[in-house]
Each structure stands twice: as C-alpha cells, then as structure tokens.
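S.K.: this one's structure only:
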C-alpha cells in the first residue's frame, strides 16, 4: 500500500492559536551581561549556532520548518531569548504581556536585558536558516482505508464549548471526563448517562488513587502562561480539596515510594510556559504537601513509572524535548539523565510505558504532534514511535508511523488477531481535504506493514485526550476520547459546529466481540 504525499500549508491568512499543554518553541535563553565578543570570532556558522542554541536544546536543522515560519515566528522569538529585540520597548511589552508571571520571568532571565550575541553574529544565524530552509515540508502519510470495526456512541449531555482535560475508566466500568470550562469531573455509567459530578476547578489533568484517596492535578489555565494558578488536590464526595497551590499548569502525577517512610510521595509535572518544573511533593506535618523541584525547566508533560520505586521517566517538551530518567537512591531522586532527545520542533505530546516485544523490559510509546505555536504546518516527523528498552536501560527506535498532529495513542490488540495495534488521535490533523481524519486505528499487518482505518464519527469533535478500557467486560478494548473546540486551519465551520452540538466526548465501542 503506497503512502500518499502532500505538501505543507500555503497560507495567506495568519491566525492566532491558543497553545495547549505543549508548546514547541525554540528556547534559547541567554544570561545577563555583555554580548559575546572574541570567543565567537573564529567560529563558522555551524559552530556559532551550536554555541548560541545548543546549551538550551538540541540544535535545530533548517529543514525542520518552512522558511516562512523561521522568518516570521521562530527567529524573532529566538532573538527575544538572546536579548535581541526589534524595537526599544519590546522587552518591556513582553514582560507586561505576562504581568502575572513577571517575577518568574525575571528570575529565570527569560528576556535578557542585554544581547548575548553581536548583531553581525545574530545576522549570520538568521541568514543560515533563511537560506537553508525549504519553502515547504514534504509529508508522506499512510492513506486511510475504510472504517475501523467500532461503533460510535455519544452521551446525552451538552457542554459548550467542549473543553476536555481528562478522560478515563473506573474499575466499576463507569467513564470519567473532566472539563476545563465547567471546572468539574463528570462520571457516566455504561449507558453513557451522567451519574455524578465533582467540582475540581478549571482543568483536572490527571487522577490517581492512593490507599483509598484520589489525588489530582488541576491545570488552572488552559492558555499558555507562567502564572502559578495550578493546584494539587484531593477529591472527595464534596469535590476537590486543595492540598497545594501555586503550581505552573500541572499536567500529570504518579505516586512514589522513595524512602522507608510509609507515606507515598507524589511526583508532578508542571508544564508552565517559559518556566516550569518537575517536582516532588512530600506530606507536611499539617497534612498538606511540600514541594522540592527536581528539574526547573518548562515543558514537563508526563511522568511515568519505569521500575516501581526505582526509576521514573519524564517527557519534556518546550524547547529541550527529551525523555529523562530519574533514579531513586537513599530516599532521593537523581538530577536526571536524558535517555532520548528530540529536535525542538517535534512537539512532544504523550508518553506511555508498554511491552512491545514481550521481553519483560519496559518499552516506550512516544507521540509527537503539538502544532500550537503558529499556524499549523504538516510535519513529516509528527507521529507515533515505539522505542524498545533493554536490560541496560537503553532505548532504540523500532517503529515510526507518520500521523500529522498526533496527540495521544494506545497500544493493544484491538481486533483480537494476536498482534498489537495502535489507536491514535490527532489534535492538529490535515483539515484541508475530505480524507482528513483525527482518530485512526493503525492495524498491524504481518510482518511489518500497517493499515490505517478511521474511527467512526471522528469529525464530531476535536480530540485531545484518549483512554482505553473494557467497561462492558466483553474481552475487547473500547476507546474514550475527550473533545476540545479550537480554531482549525482552514476554518470550514468546524468550531461553530462543535460549539453548537456541545459534545464533550465520544465512546467507541469495539465490535471485535
């Protein structure tokens, strides 16, 4: 089956898109002081770029983005992080636009007072990218062939505009979803009828249970910001009780046993915007939690347990895109070791632990497709990757399936034929043609091939969260996806339709059994 090829967007109209949990800006932050002088005089362009940007993230290739994006979006923002501004008051305007987070921005020196490069050196960097970048990116896709063997079911509720931040299944088979605008967690029975709701605050993003108590992270602001308005909460019959405030857009958490104390610690990712952290939370004598920052960088998206009470893996986006391993030793966590790194334009969006080859060592399902920093362009490196782990803790890429705008994926034998398939959603699909699909089942065809089938009624929402479970207990896995209405490119009326219908989620019932 031959993949089809398509070029990048050729857009005249520029829109403003609200960034999601994940942004993929090229994040080069300088330190205050005098511009670099004689140290760079003998460097060629490649060496200069490594010196200027390599300390903050992997050095970007010019071919990673179209020339127009480099010129109008990325290079100006890179300049800001190196103290290079288009006009005298631009730094003050950038700080004023983030007034609620001014203290965090100044402390982290996001916008240096003085340039960290000479004007001629900055011009050399600009010239390199603008002369080397392609006019557009060429993307190879798997064609969508038919429809997957699922039935689309919808809840009889209205939430407008839909703004899901979490979906999941409970052990009793009921379905859960959280909505940012409604500020609550909602439960539905297997007939998709509402059963209860809890007030959580704006945007519950993750949920776990420890010894009968449910804990969650509340993002506080869907829009990108460094304002610390997120919370760590405990959920009870009357709603959420705040355990800690002042978090920077927290997105996930796990329970950890780091020492001999029977109390479990919490490990939390805080995405933020230009500042953020991966943090540890210990119980305080007053019953709340006290934080210890383990890595103070933006873009912490997802924390997962690699080996229980031994190692934890954290996915970072926002510039220094990477998967970092934190190791437990003497009750403490290490400063972190990067086990996989990705270019800063990748748009990392999801990470799951799997056992792809059934050898007992943790493998990784990595998804990248965030495209919210500028009007979206199709990118050939967006999609789904599987990394195989070995006994030495190394990971090697075993699979890549291109999928524009990929945001989450689940591995399972959905068709019960004995091999593993991948269900995936895209938050930034190709909205230009009738074949666009934002929810796909990739079925494995022995030995190496894959076919792509659309999940039914995928166009009824813009899917941002995905979960798999078996609420009807028939032995095959069903799917649950939460919708969040947001502008599309091009705008063909999708947002108006999603807002009017107010559909918060879709339940795909597997018909394998």
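M.R.: Arrived safely. Since the structure is predicted, the reported quantities are computational estimates derived from the model, not experimental observations.
S.K.: tell me the contacts of residue 94?
M.R.: Neighbour list for residue 94: 80, 111 [criterion: Cβ atoms under 8 Å, 6 or more residues apart in numbering]. All C-beta spots, glycine's among them, are computed from the backbone N, C-alpha and C.
S.K.: let's go with 6 Å and repeat that
M.R.: Residues near residue 94 by Cβ atoms under 6 Å, 6 or more residues apart in numbering: residue 111.
S.K.: how about stretch 309-321: buried residues?
M.R.: In terms of neighbour count (16 or more other Cβ atoms under 10 Å), stretch 309-321 has its buried residues at 311-321.
S.K.: same question, stretch 127-146
M.R.: Per 16+ other Cβ under 10 Å, stretch 127-146 contains these buried residues: 128-129, 133, 136-137, 139, 141-142, 144.
S.K.: give me the subset of those lying in helices.
M.R.: Those of these mapping onto helices are 128-129, per DSSP state H.
S.K.: could I get the buried residues of stretch 127-146 in TSV, plus columns for distance to residue 279 and pLDDT?
M.R.: Shown next, in TSV, are these (distance: Cβ to Cβ, whole Å; pLDDT from 0 to 100):
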residue	distance to residue 279	pLDDT
128	37	95
129	35	96
133	37	97
136	40	95
137	36	96
139	37	92
141	38	88
142	39	90
144	41	92
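S.K.: doesn't residue 167 fall inside a strand?
M.R.: Yes - checked against DSSP: H, G, I helix; E, B strand; the rest coil, residue 167 lies within a strand.
S.K.: how close does it sit to residue 207?
M.R.: With the distance defined as Cβ to Cβ, to the nearest Å, residue 167 ends up 10 Å from residue 207.
S.K.: more neighbours: these two, which one.
M.R.: residue 167 (25 against 20; other Cβ atoms under 10 Å).
S.K.: beta-bridge partners for the more buried one, please?
M.R.: Counting by DSSP bridges, residue 167 forms beta bridges with residue 177.
S.K.: need the contact list for it.
M.R.: Counted by Cβ under 6 Å, 6+ apart, residue 167 has contacts 177, 465, 467, 480, 482.
S.K.: out of the residues you listed, which is most surrounded?
M.R.: Counting neighbours by other Cβ under 10 Å, residue 177 comes out on top of the contacts of residue 167 with 28 neighbours.
S.K.: run through the residues that contact that one.
M.R.: Contact analysis of residue 177 by Cβ under 6 Å, 6+ apart lists 164, 167, 186, 482, 505.
S.K.: so the first one lies in a strand, does it not?
M.R.: In other words, residue 164. Yes - membership of residue 164 in a strand is supported by three-state DSSP.
S.K.: what is the burial count for it?
M.R.: 27.
S.K.: and stretch 425-432, how far apart are its ends?
M.R.: With Cα to Cα, to the nearest Å as the measure, stretch 425-432 spans 17 Å from end to end.
S.K.: repeat for stretch 402-413
M.R.: End-to-end distance (Cα to Cα), stretch 402-413: 20 Å.
S.K.: average pLDDT across that stretch?
M.R.: On average, the pLDDT along stretch 402-413 is 97.
S.K.: cool, and stretch 236-248?
M.R.: 92.
S.K.: same deal with stretch 211-227?
M.R.: Stretch 211-227 comes out at a mean pLDDT of 92.
S.K.: contact partners of it?
M.R.: Under Cβ under 6 Å, 6+ apart, the answer for stretch 211-227 is 18-19, 100-101, 104, 180, 200-201, 203-208, 229-231, 233-235, 249-250, 253, 272-275.
S.K.: same question, stretch 341-351
M.R.: Against stretch 341-351 from outside (Cβ under 6 Å, 6+ apart): 22, 24, 26, 57-58, 60, 64-65, 302, 315, 317, 319, 321-322, 366-371, 407-408.
S.K.: quick one on the thing from earlier: would you convert the buried residues of stretch 127-146 into CSV that also reports distance to residue 393?
M.R.: Formatted as CSV, those follow (distance: Cβ to Cβ, whole Å):
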residue, distance to residue 393
128, 36
129, 35
133, 36
136, 39
137, 34
139, 33
141, 33
142, 32
144, 37
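S.K.: next step: the buried residues of stretch 127-146 restricted to strands.
M.R.: Those of these mapping onto strands are 139, 141, 144, per DSSP state E.
S.K.: quick check, the last one in contact with residue 451.
M.R.: Read it as residue 144. No - contact criterion Cβ atoms under 6 Å: residue 144 and residue 451 do not qualify, at 9.2 Å.
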